[in-house]
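Colleague: quick one, fold the following:
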Amino acid sequence: MELTAGRMSGQRIGAAFGGAVLPLGILIVVAMMVLPLPVFLLDTFFVINILLSLLILMVALHTYRPLDFSSFPSLLLIATVLRLALNVASTRIVLSSGHNGGDAAGKVIQAFGDFVIAGNFAVGIFVFAILVIINLVVITKGAGRVSEVTARFTLDAMPGKQMAIDADLNAGLLTPEEATKRRSDVSDEADFYGAMDGASKFVKGDAVAGILILAINIVGGMIIGISQHDLSPLTAAETYVLLSVGDGLVAQIPSLLLSIATAIIVTRVSSTHDMASHIGRQINLSRAWVPVSGVLLLLGLIPGMPNVLFLTAAAGAGAAGWLARNQNNGEATADEAAQTSQGEDSSEPEAIGADDVTDYSPLSIQIGYGLIPLVENEDGGSLVNRITAVRREVSRSLGFVVPGVRIRDDLNLGANTYRIKVGQTIIGEDTIYPDRKLALPGGMSNRKLSGIEAKDPSFGLDAVWILPHQQIEAEADDHVVVEPDSVIATHLSQLLNKYAADLIGPDDVQDLLDNLSKHSPTLVEAVIPKLVPLHALTSILRELLAERVPVADLRRILEGIAKTAARNLSPADTAELLRPDLAPLLLQQIAPINTELSLITLAPELEQLVARTVQQSGSGMLILENALAEKILGELRNIAEAQSAFGVQPVVVVASQIRREFSRFVRTHLPDAVVMAVTEIPENRKIKVVASIGDASEPANS
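Modeller: Model (predicted):
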């Protein structure tokens, strides 16, 4: 409650600031350029200017990523206009009242003139010149260059990032809401760096304006003092130069602070730490501090050097190195303790337990030691997060909770090899390179990238593992660039859909029944186990999942089982009878409800030939001559590839009496194919026949 109240209070303050204070403040700034200000108000605005510059700098230091301070370009403009308005107001007072003494332009300008430059106008001019050189030549120029390059690369990389988001969305790694948010972040990032490229020019223009205003104040003040107030040239110089330099320093110091804030923002790398923590974690290396301490110690022993200072600095560097070493050793000891606790029986080579030869994890991924960085960091690693997203998406699609994935390192695997297992069965294996990215060519690609040639493990497409700095080149040539962890996650997503039937067991089915019992207790009690035992229901669901039919509508499945229970059908026959009621769940995943469903049919002669073959074999299997089988599969493969180029997945439609046998025959060679009966196509779906397969001239084996 307290946190919520605080957040609401902050939102109200921000709304009030944006709704009333900010427009009023801008009007006041504009008025300052036209109306004369009392000296007291001028001092007040000078202090506010310094406060605002310090605030912006502190916020820049404590942001985790540049987009956290996305209002920075606008704030930079407002602060620059405020400072220029103060320059105009102070110039009016200096030129009109400067002959009255050092306090004529206010206490702030007088303090900077007397204290900062010790009342010596020559010193003041040189100090001001040095500050301008630091601001204009070093910080502002560097920040402007970084802004320009970052904006260009961000805009160039934008299409590739959008394509990567689309690829993750299609692979099920992202939900539509997450994809929309990531697209918005990419767009906001491009807008931010584009705005920063222009905003950095404000700082440069402000520094140039400071030089010109100083020159105008000095020259104009001396002319007015000599001609209008009868001051001697020396007196006029001392008076107006001190006031002008004091005024310039009052404006230049906030300008320098804003320049530093600009440089920090444009050079900031997104991380989970603020800037101080980020730098501290990376320089906390004992092997860096110890040599520094040694060099300082040698310098401190040279006669004539300020020995105490150098020896003190050497001691400080040595202490920092010692602390860093202890901290690193503590972390290493903790890691070793964790590893020891996992394998504490290793000291007894002859002691082999059941855990060494059995693994009851329903789903696991084994990785080589080179892939360990993908799963090792504070939040579990990027691979863990992507696998969690895949499990969530596949679970929603199939209708049951996909088991957790156990990730283990295996020294018997190659350094960059991973292996996916269901139980003890290996269902997928490939090699990735964690320090590279996988580039998949698009339809407009015409350049061969240098790198490690490979096949995409999910779809078998030709691909190249490229270095990170080649990403812009690859995306410019219509390649889709994929992160290594995304490659594993996409491969896992494909395999989960393919082997869904092997992932569901009686315990998972019981969980589904328990959940359904909260809403339909009578139905569950009447069917399970009175009409169908739990193991039979599990077999029925496996038959459905084997052909990608979701089991999310368990209520309809139980109602269908209740209607057919008296016929004592096998699980396969029961699943076949349930398919017409469940087919819409499968079709809505293939094509949206309002789009046409692309169908592939069999020529009547071929369909009759297949029906006769099924009837004659009597084994529930379709046995065809090699030539005819290859012809059917070849045509199906060509049609599917042609349709996939348009983002369409066609459905093979056959007669009901041959659907199961023809589906088994096709899926043995084309696992992603979907074969449905004519009676399973809903009447309300729009359909389009894209091809017809078949030639009855080839005889079949009977």
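Colleague: OK, contacts around the residue nearest to Ala603 when sequence neighbours are not counted?
Modeller: Of all residues beyond its chain neighbours, the one nearest Ala603 is Gly694 (3.0 Å), with distances taken as Cβ to Cβ, 6 or more residues apart in numbering. C-beta: built from backbone N, CA, C; applies to glycine. The contact partners of Gly694, taken as Cβ atoms under 8 Å, 6 or more residues apart in numbering, are Leu602, Ala603, Pro604, Glu605, Leu606, Glu607, Ile632.
Colleague: what is the neighbour count of the second one?
Modeller: When neighbours are defined as other Cβ atoms under 10 Å, Ala603 has 13 of them.
Colleague: quick check: the gap between it and Val689.
Modeller: 12 Å (Cβ to Cβ, to the nearest Å).
Colleague: residue ranges with poor pLDDT in the stretch 501-650 of the chain?
Modeller: The stretch 501-650 of the chain contains residues with pLDDT under 70 at 618-620.
Colleague: would you list every one of the helices in it?
Modeller: 506-517, 521-527, 534-546, 554-564, 571-590, 604-617, 626-644 (DSSP state H, counting those that start in this stretch).
Colleague: okay, the ones you listed in JSON lines with mean neighbour count next?
Modeller: Below are these laid out as JSON lines (neighbours: other Cβ atoms under 10 Å):
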{"stretch": "helix 506-517", "mean neighbour count": "15"}
{"stretch": "helix 521-527", "mean neighbour count": "14"}
{"stretch": "helix 534-546", "mean neighbour count": "21"}
{"stretch": "helix 554-564", "mean neighbour count": "17"}
{"stretch": "helix 571-590", "mean neighbour count": "18"}
{"stretch": "helix 604-617", "mean neighbour count": "17"}
{"stretch": "helix 626-644", "mean neighbour count": "15"}
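Colleague: now the ones you listed in JSON lines, with distance to Ile133?
Modeller: Formatted as JSON lines, these follow (distance: least, Cβ to Cβ, whole Å):
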{"stretch": "helix 506-517", "distance to Ile133": "71"}
{"stretch": "helix 521-527", "distance to Ile133": "81"}
{"stretch": "helix 534-546", "distance to Ile133": "72"}
{"stretch": "helix 554-564", "distance to Ile133": "75"}
{"stretch": "helix 571-590", "distance to Ile133": "65"}
{"stretch": "helix 604-617", "distance to Ile133": "85"}
{"stretch": "helix 626-644", "distance to Ile133": "62"}
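Colleague: closest to Tyr240 out of these?
Modeller: helix 626-644 (78.9 Å; Cβ to Cβ).
Colleague: what's the angle between the closest one and helix 604-617?
Modeller: Orientation of helix 626-644 against helix 604-617 (axes from the mean of the first three to the mean of the last three Cα atoms, to 10 degrees) gives an angle of 130 degrees.
Colleague: show me what helix 626-644 is packed up against.
Modeller: Contacts defined by 3 or more Cβ pairs under 8 Å, 6 or more residues apart in numbering; DSSP states H and E place helix 626-644 against strand 597-602, helix 659-669, strand 687-693.
Colleague: okay, those, which one's buried deepest?
Modeller: strand 597-602 (a mean of 20; mean count of other Cβ atoms under 10 Å).
Colleague: give me the sheet partners of it and which way each runs.
Modeller: With DSSP bridges as the test, strand 597-602 is paired with strand 651-654 (parallel), strand 687-693 (parallel).
Colleague: quick one, that strand and helix 571-590 angle?
Modeller: 130 degrees.
Colleague: in a markdown table, list the contacts of Gly694 along with distance to Leu84.
Modeller: Below are these laid out as a markdown table (distance: Cβ to Cβ, whole Å):
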| residue | distance to Leu84 |
| --- | --- |
| Leu602 | 79 |
| Ala603 | 81 |
| Pro604 | 85 |
| Glu605 | 87 |
| Leu606 | 83 |
| Glu607 | 83 |
| Ile632 | 79 |
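Colleague: kindly indicate which of these lies nearest Thr564.
Modeller: Glu607 (26.5 Å).
Colleague: show me the strands in the chain, by range?
Modeller: Remark: strands assigned in the chain by DSSP state E are 363-367, 406-409, 417-422, 425-431, 437-441, 452-455, 462-466, 479-482, 597-602, 651-654, 675-677, 687-693.
Colleague: give the partner strands of the shortest one in its sheet and their orientations.
Modeller: Right, the one you point to is strand 675-677. Strand 675-677 is paired, per DSSP bridges, with strand 651-654 (parallel).
Colleague: and the fourth one, by the same measure?
Modeller: According to DSSP bridges, strand 425-431 forms sheet pairs with strand 417-422 (antiparallel).
Colleague: and if you look at the fifth one?
Modeller: For strand 437-441, sheet partners with direction are given as strand 462-466 (antiparallel), strand 479-482 (antiparallel), following DSSP bridges.
Colleague: turn these into TSV, columns for mean pLDDT, distance to Gly318 and mean neighbour count.
Modeller: Output for the strands paired with strand 437-441, formatted as TSV (pLDDT from 0 to 100; distance: least, Cβ to Cβ, whole Å; neighbours: other Cβ atoms under 10 Å):
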stretch	mean pLDDT	distance to Gly318	mean neighbour count
strand 462-466	90	44	19
strand 479-482	89	45	23
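Colleague: hang on, the earlier thing: of the helices of the stretch 501-650 of the chain, which is nearest Ala474?
Modeller: Once those are compared by Cβ to Cβ, helix 626-644 is nearest, at 22.1 Å.
Colleague: CA atoms only for that closest one, dumped as CSV, please.
Modeller: Extracted C-alpha coordinates of helix 626-644, given in CSV (Å, rounded to 0.1, in the frame of the first residue of the first chain):
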residue,chain,number,x,y,z
ASN,A,626,8.5,-47.1,-54.0
ALA,A,627,7.9,-45.1,-57.2
LEU,A,628,4.4,-44.1,-56.3
ALA,A,629,5.3,-43.3,-52.7
GLU,A,630,8.2,-41.1,-53.8
LYS,A,631,6.0,-39.4,-56.3
ILE,A,632,3.3,-38.6,-53.7
LEU,A,633,5.8,-37.4,-51.1
GLY,A,634,7.7,-35.4,-53.7
GLU,A,635,4.6,-33.5,-54.8
LEU,A,636,3.5,-32.9,-51.2
ARG,A,637,7.0,-31.5,-50.3
ASN,A,638,7.1,-29.2,-53.4
ILE,A,639,3.6,-27.9,-52.8
ALA,A,640,4.3,-27.3,-49.1
GLU,A,641,7.5,-25.4,-49.8
ALA,A,642,5.8,-23.3,-52.5
GLN,A,643,3.0,-22.4,-50.0
SER,A,644,5.4,-21.7,-47.1
